[in-house]
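Student: only the shape, not the letters, is given here:
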């Protein structure tokens, strides 16, 4: 019996960057066109095509949904040539489909890869999330604290007043009480309409983005992607699954989750070293969007990270649009 092929993250990282780039280029034609479905499908098609060129035996563990809900890049789909290491893949071909359709900031293509069995198979349910950047003691903030207590605890750890803290929260009716509590401390809030992977990533670069903490509920799959990003960038994230009905509890059981009340830390969601790539589709706090120049030349910028080394690369890719798929 032959030994399993090793996961060489350095060798695979540039290929993963290309996957994110091509998905971004494909979806860029739909920026501002008002069709979020078409934008997402273009990104899915391109990402799947590029993944199937990689020498991996990949399984999508975080994808577009269950097999009967998504024709491509569904949870459990096998990708790659099959001739390389076994890997888990978490992806969001277009995080911010509505942002793309409306030409609003922070739409990204996002993908992470790790050794087989390294990522939480999160069901497609809500997850309560809390994240901060690097440099703080473990559990300086927790999900068991109230929103106001989290702000005060982080301010104490940072050595500043609560009024100097900025929290990123998804602008949803379910967060109205949370928003009220955070504002009662004097802290500022940056409300976002979509894109909570980017929202969590903002915490890891607080000096650049101005965001100190992320909190609120959103998709559990996006929580795993955000954990992969923070595994590379540094920082803490905590997640607790939230179930609204028996169907969602059944999804958890199907994914092998038995403790429905468990709080997952970053290293529970992503247990081994990973590669993470994100390409900007529309400009935002993390990455510039795709630029088009006269003559059909396009430029993308991709964030490529490896948790094993802590390396973070910002890669600019400039090419004639007619040759981007070659």
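Tutor: Done, it's in. For clarity, every value in this text was computed on a predicted model and none was experimentally measured. Numbers count the residues shown, from 1 in each chain.

Student: wait, residue 255 touches residue 121, no?
Tutor: Yes: between residue 255 and residue 121 there is a contact under C-beta atoms under 8 Å: 4.4 Å. Quick note: C-beta positions are derived from backbone N, CA and C, even for glycine.

Student: neighbours of residue 288, how many?
Tutor: By other C-beta atoms under 10 Å, the residues close to residue 288 number 14.

Student: could you look up the SS state of it?
Tutor: coil (DSSP: H, G, I helix; E, B strand; the rest coil).

Student: going forward can the numbers begin at 46, since that is how I track them
Tutor: Got it, first residue is 46 now, which makes that one residue 333.

Student: thought it was touching residue 325?
Tutor: Yes: Residue 333 is within contact range of residue 325, at 5.4 Å (criterion: C-beta under 8 Å).

Student: so what sits against both of the two?
Tutor: Here residue 333 and residue 325 have residue 346 as joint contacts, going by C-beta atoms under 8 Å, 6 or more residues apart in numbering.

Student: pull the residues that contact stretch 328-347.
Tutor: With C-beta under 8 Å, 6+ apart as the test, stretch 328-347 has contacts from 62, 65-66, 69-70, 73, 76, 150-153, 243, 246-247, 250, 253-256, 322-327, 348, 359-367, 369.

Student: contacts for the worst-scoring helix or strand of the chain on mean pLDDT?
Tutor: Averaged element by element with mean pLDDT, DSSP states H and E, the chain has its least confident helix or strand at helix 291-299 (a mean of 85). With contacts defined as C-beta under 8 Å, 6+ apart, helix 291-299 is touched by 111, 168-170, 286, 288, 305.

Student: of the residues you listed, just the buried ones, ChimeraX syntax please.
Tutor: Selecting only the buried entries of those in ChimeraX, with 16 or more other C-beta atoms under 10 Å as the criterion:
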select :168,169,170,286,288
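
Student: now residue 156. Nearest residue, chain neighbours left out?
Tutor: Nearest residue to residue 156, sequence neighbours excluded (C-beta to C-beta, 6 or more residues apart in numbering): residue 136, at 4.3 Å.

Student: and residue 271, that one's in a helix?
Tutor: Yes: if the criterion is three-state DSSP, then residue 271 is within a helix.

Student: ok, residue 300 and residue 166, which is more surrounded?
Tutor: Neighbours per residue, other C-beta under 10 Å: of residue 300 and residue 166, the larger number sits with residue 166, 20 against 17.

Student: helix/strand/coil for the more buried one?
Tutor: Looking at residue 166 with three-state DSSP, the answer is coil.

Student: isn't it up against residue 301?
Tutor: Yes: between residue 166 and residue 301 there is a contact under C-beta under 8 Å: 6.3 Å.

Student: secondary structure element holding the closest residue to residue 355 other than its chain neighbours?
Tutor: In this structure, residue 355 finds its nearest non-sequential neighbour in residue 277, 7.1 Å apart by C-beta to C-beta, 6+ apart. Per DSSP states H and E: residue 277 is located in helix 265-278.

Student: show me where pLDDT drops low in this protein?
Tutor: Across the chain, the ranges flagged by pLDDT under 70 are 46-49, 112-113, 367-371.

Student: circling back: could you pick out which of the contacts of stretch 328-347 are located in strands?
Tutor: Using DSSP state E, the members of the contacts of stretch 328-347 that fall in strands are 153, 322-325, 348, 359-365.

Student: no further questions, thank you.
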